[in-house]
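> No sequence on hand, only this structure:
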């Protein structure tokens, strides 16, 4: 398997623009997670899905952030409008759950908002 | 709530053993994990241990679990410069509402000096 795939790997955008990050989980995995990593706040869980249904979005910072999972092989994280404080590395991870729930991470998208 | 704590930095000489420590608060944790993050990369699962075990060994890696003290450690034997990275400890979140979630520590930066 190719592992978790994320695109783009790098994104530079101007404040106020819409940003869409994409993730393809490992085939057969039924959980998908979106994380954000910054030096100041470390690794934060934003939202996660089980069988394409959002289970916990309490980590989504504001209404500017939204996530969807239209099918088992694709998810998006959208920021609209983007702000400089959204600059971070965004990771997607997936797992098949039982029994051990180990998560497999993608390479991340480095987002810079100027 | 659940919390995972790690020291932030460890420096060792090449060839020495490294021991990275972690404490967690949820005594009902079933699985505990170690991840490695190299610069510019995602988190890579190194190993995990089930809570009914007190030790797991995998080549140069030894995981020790002390359930009484809620303490987890990762020992790397014969540490190499390629082991320089950030190491994250994580526990599986407890409760039906948290199914699938992992709680991550803030990461320990391991510096290996030649």
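Yes, it's here. Every value quoted in this text rests on a predicted model; they were computed, and no experiment measured them.
> and stretch B:100-113, which residues are buried?
B:100-105, B:107-110, B:112 (16 or more other Cβ atoms under 10 Å in any protein chain shown). Backbone N, C-alpha and C define where each C-beta goes, glycine included.
> Farthest-apart pair in the residues you listed, please.
B:100 and B:112 (33.8 Å; Cβ to Cβ).
> so how many other residues sit close to the residue lying closest to residue A:14 once chain neighbours are set aside?
Closest residue to residue A:14 apart from its sequence neighbours, by Cβ to Cβ, 6 or more residues apart in numbering or on different chains: residue A:114 at 5.6 Å. Neighbours of residue A:114 under the rule other Cβ atoms under 10 Å in any protein chain shown: 10.
> what's the answer for residue B:30, then?
14.
> just residue A:89 next, same as before
Neighbours of residue A:89 using other Cβ under 10 Å come to 18.
> and the gap between the residue nearest to residue A:14 and residue A:28?
Going from residue A:114 to residue A:28 by Cβ to Cβ, to the nearest Å gives 39 Å.
> who does the helix or strand hosting residue B:90 pair up with?
Assigning secondary structure by DSSP states H and E places residue B:90 in strand B:85-92. Its sheet considered, strand B:85-92 pairs with strand B:31-37 (antiparallel), strand B:102-104 (antiparallel), strand B:108-113 (antiparallel) by DSSP bridges.
> Might you calculate how far that strand sits from the centre of the chain?
4 Å (Cα atoms, centre = their mean, to the nearest Å).
> Can you tell me what sits against that strand?
The contact list for strand B:85-92 (Cβ atoms under 8 Å, 6 or more residues apart in numbering or on different chains) reads A:43, A:100-101, B:2, B:4, B:6, B:20, B:22, B:24, B:26, B:29-39, B:43, B:46, B:72, B:74, B:101-105, B:107-110.
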